[in-house]
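S.K.: With the sequence up front, the predicted model follows.
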Amino acid sequence: MTAGPKIAFQDVHLAFGPKQVLRGVDLSVDPGESVVIIGGSGSGKSVLIKTVLGITRPDKGVVAVDGEDVVGASARLRNAVNAKIGMLFQGGALFDSLPVWENVGFGLIQSGAMNRSDARTKAIDTLARVGLDEHVATLLPVELSGGMQKRVALARAIADEPDIIFFDEPTTGLDPIMSDVINKLIVECVRDLGATAVTITHDMRSARTIADKVAMIYEGQIIWTGGVADLDAPNNDMVDQFVHGRADGPIQMAVRR
Amino acid sequence: MNPLASIGAVILAFFTATGRVAIFAGRALYHIATPPMYFRQTLRQLIDVGYYSLPVVALTTLFSGMVLALQSYTGFARFSAEGAVASVVVLSMTRELAPVLAGLMVAGRVGAAMAAEIGTMRVTEQIDALATLSTNPMKYLVAPRIIAGILTLPVLVLVGDIIGVMGGYLVGVYRLDFNPSAYVQQTWAFVETLDVMSGLVKAAVFGFIVTLMGCYHGYNSRGGAQGVGVATTNAVVSSAILILVANYVITESFFSK
């Protein structure tokens, strides 16, 4: 166990062809901390956490987990790092050919941590933790509502009790009540597991519920970090405009009239 | 645009695509050869690619054998060589028609389905989710499909050989009034082990091509439903072209003097 940050981004740059997505991101997340990254669509939020998982590789910079740089990591290190991480994807990303219980227990089975029978029991326990009945376990993801799919995705993210959990737009597409349910589940799960959490969202209600610390990314850079209490007086015009959802301000959206 | 630049761009794009397919094929073969193996996934693919393709291959080869008998009879009758019908049917079916028709039919049925399934998994982040759940997507999705293609196409072609020859027999005996035992005797007299073996080698290569193209185009699809549609089309078209090219190359290597 290291005394430093659980996750650290140092001068991370990434471009897709001519489009520069990340332009020198610096951010650190302490153990047990829940950091919410806010920012507009296309600002590089999702890409940033995918650099930790090895799904995208930065062109430059350091992405460290427990003090170890994971950019270009060997297969062995990559597996070890990813085994510490659970992720809730924006659209759920549930495997539509597998029943719910197998989705939830997938990581446990594939890592060899449990046989199928034990993984099924564990999956049903985890589903109960996110408020889903046992009968849901045998359904296919397509048979579930959007809110239930998000809960299953959350159950999959926490099933093997990871050290780090990423939540990518956890409340997108949900009604306000279901959003609040998911936000509270996230807070409970992270607290119970003692995990470090990074959440990406542009839902400010979500950010206020989940975060210990908030960071705003704009044009590929972290332009502001602060506590939840600081969101109402951020001392930064861009953050203020974003938090209050105003069209007028320093952030100009490209709108064709 | 300068015409030379246009030609150069097309040539560069061709070699880039060829290189990417070659690298993908190399990675796929590496993951086939190294543990872990996903037996459950492989068994599912063996059934999907092999068992469920039997009806379409059987019907195609049956009617091809029947047409071949009719056409060769009407052609050979012009110079009183009707007796060669049985040998033409068996040689055409085993060397060419059964492997090529089975390859093309499986490309349409299985290659397209693979590209669509894997493409949908790509655009809905299910492939990214696999990577976060201790599972290498190449090993879990691609390797079982390619193994199934290589193993099942030869079996399908062997069945197609038998059914195609039977189609020729049915037309020869019941429509063209050939003597049944003479037809069978002539079939056995002309067919050699090399004829059947060359067809089976072709089938294994075509199975590799179809599944590789289905997986490659699905795995690299981008941009939502439209991207998946493009991937599906490209998988079928590229499989069909490569099957015909590979057919010539293998025929040349087996039968050139």
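M.R.: Received it, and whenever you're ready, just let me know what you need.

S.K.: separation between A:G131 and chain B?
M.R.: 22 Å (C-beta to the nearest C-beta, to the nearest Å). For glycine as for every other residue, the C-beta is placed from the backbone atoms N, C-alpha and C.

S.K.: I'd like to know how far that residue sits from A:E188.
M.R.: Taking C-beta to C-beta, to the nearest Å as the measure, A:G131 falls 10 Å from A:E188.

S.K.: any low-confidence regions in chain B?
M.R.: B:257 (pLDDT under 70).

S.K.: Close to chain A: what parts of it are there?
M.R.: B:M121, B:T124, B:E125, B:Q126, B:D128, B:A129, B:A131, B:T132, B:L133, B:S134, B:T135, B:Y140 (C-beta under 8 Å from any C-beta of the partner chain).

S.K.: The first one contacts B:I127, doesn't it?
M.R.: Yes. Taking contacts as C-beta atoms under 8 Å, B:M121 lies within contact range of B:I127: 5.1 Å.

S.K.: Now do the shared contacts for these two.
M.R.: B:L141 (C-beta atoms under 8 Å, 6 or more residues apart in numbering or on different chains).

S.K.: can you pull out the helices in chain B?
M.R.: Assigned helices in chain B, in chain order: B:3-33, B:39-45, B:54-76, B:85-92, B:98-106, B:112-123, B:126-132, B:137, B:143-174, B:180-190, B:193-219, B:224-255 (criterion: DSSP state H).

S.K.: let me redo that: the stretch 51-200 of chain A
M.R.: A:75-83, A:100-110, A:116-129, A:146-158, A:176-193 (DSSP state H, counting those that start in this stretch).

S.K.: for the last one, which positions count as buried?
M.R.: Neighbour counts using 16 or more other C-beta atoms under 10 Å in any protein chain shown place A:M178, A:S179, A:V181, A:I182, A:N183, A:L185, A:I186, A:C189, A:V190, A:L193 of helix A:176-193 among the buried residues.

S.K.: Then the shortest one?
M.R.: Of the residues in helix A:75-83, A:R78, A:N79, A:A80, A:V81, A:N82, A:A83 count as buried by neighbour count, 16+ other C-beta under 10 Å.

S.K.: got the angle for that helix vs helix A:100-110?
M.R.: Here helix A:75-83 points in a direction 140 degrees away from that of helix A:100-110 (axes from the mean of the first three to the mean of the last three C-alpha atoms, to 10 degrees).

S.K.: who are the neighbours of helix A:75-83, in terms of helices and strands?
M.R.: Judged by 3 or more C-beta pairs under 8 Å, 6 or more residues apart in numbering or on different chains; DSSP states H and E, helix A:75-83 is in contact with no other helix or strand.

S.K.: hmm, who's touching that helix?
M.R.: A:52-54, A:65, A:68, A:70, A:73, A:111, A:160, A:162, B:131-132, B:134.

S.K.: And the fourth one, by the same measure?
M.R.: By C-beta under 8 Å, 6+ apart, the surrounding residues in contact with helix A:146-158 are A:86-89, A:92-94, A:100, A:103-104, A:106-107, A:123, A:126-127, A:129-132, A:136, A:141, A:144, A:165-167, A:170-171, A:173-175, A:178, A:181-182, A:185-186, A:189, A:193, A:195, B:133.

S.K.: Can you mark which positions in it are buried?
M.R.: A:G147, A:M148, A:Q149, A:K150, A:R151, A:V152, A:A153, A:L154, A:A155, A:R156, A:A157, A:I158.

S.K.: which of these lies closest to chain B?
M.R.: A:R156 (7.7 Å; C-beta to the nearest C-beta).

S.K.: got a list of what the residue nearest to B:A98 when sequence neighbours are not counted touches?
M.R.: Distances taken as C-beta to C-beta, 6 or more residues apart in numbering or on different chains put B:G160 closest to B:A98, at 3.8 Å, once the chain neighbours are dropped. By C-beta under 8 Å, 6+ apart, the contact set of B:G160 is B:V57, B:A58, B:T60, B:T61, B:M93, B:A98, B:P99, B:L101, B:A102.

S.K.: What of B:I118?
M.R.: Here B:I118 is in contact with B:I127, B:L141, B:V142, B:G214, B:C215, B:G218, B:Y219, B:S221 (C-beta under 8 Å, 6+ apart).

S.K.: any idea how far B:R122 is from the nearest residue to the third one once chain neighbours are set aside?
M.R.: Meaning B:V142. Among residues not flanking B:V142 along the chain, B:C215 sits closest, at 4.5 Å (C-beta to C-beta, 6+ apart). Distance of B:C215 to B:R122, computed by C-beta to C-beta: 11 Å.

S.K.: How about A:D230?
M.R.: From A:D230 to B:R122 the distance is 39 Å (C-beta to C-beta).

S.K.: Relative to A:V21, how far out is A:A15?
M.R.: Per C-beta to C-beta, A:A15 is found 6 Å from A:V21.

S.K.: for A:H202, that is, sorry about that
M.R.: 17 Å.

S.K.: More neighbours: those two, which one.
M.R.: Using other C-beta atoms under 10 Å in any protein chain shown as the criterion, A:H202 and A:V21 rank with A:V21 on top: 22 against 18.

S.K.: low-scoring pLDDT stretches of the stretch 1-150 of chain A, where are they?
M.R.: Using pLDDT under 70, the stretch 1-150 of chain A drops low at A:1-3.

S.K.: So which residues on it come close to chain B?
M.R.: By the rule C-beta under 8 Å from any C-beta, the part of the stretch 1-150 of chain A lying against chain B is A:50, A:53-55, A:79, A:82-83, A:85-87, A:89-91, A:93-96, A:106-107, A:110-111.

S.K.: Let's see which of the residues you listed end up in strands.
M.R.: Secondary structure from DSSP state E places A:I85, A:G86, A:M87 of those in strands.

S.K.: A:D230 and B:R122 - which one has more neighbours?
M.R.: Applying other C-beta under 10 Å to A:D230 and B:R122 shows that B:R122 carries more neighbours, namely 21 against 15.
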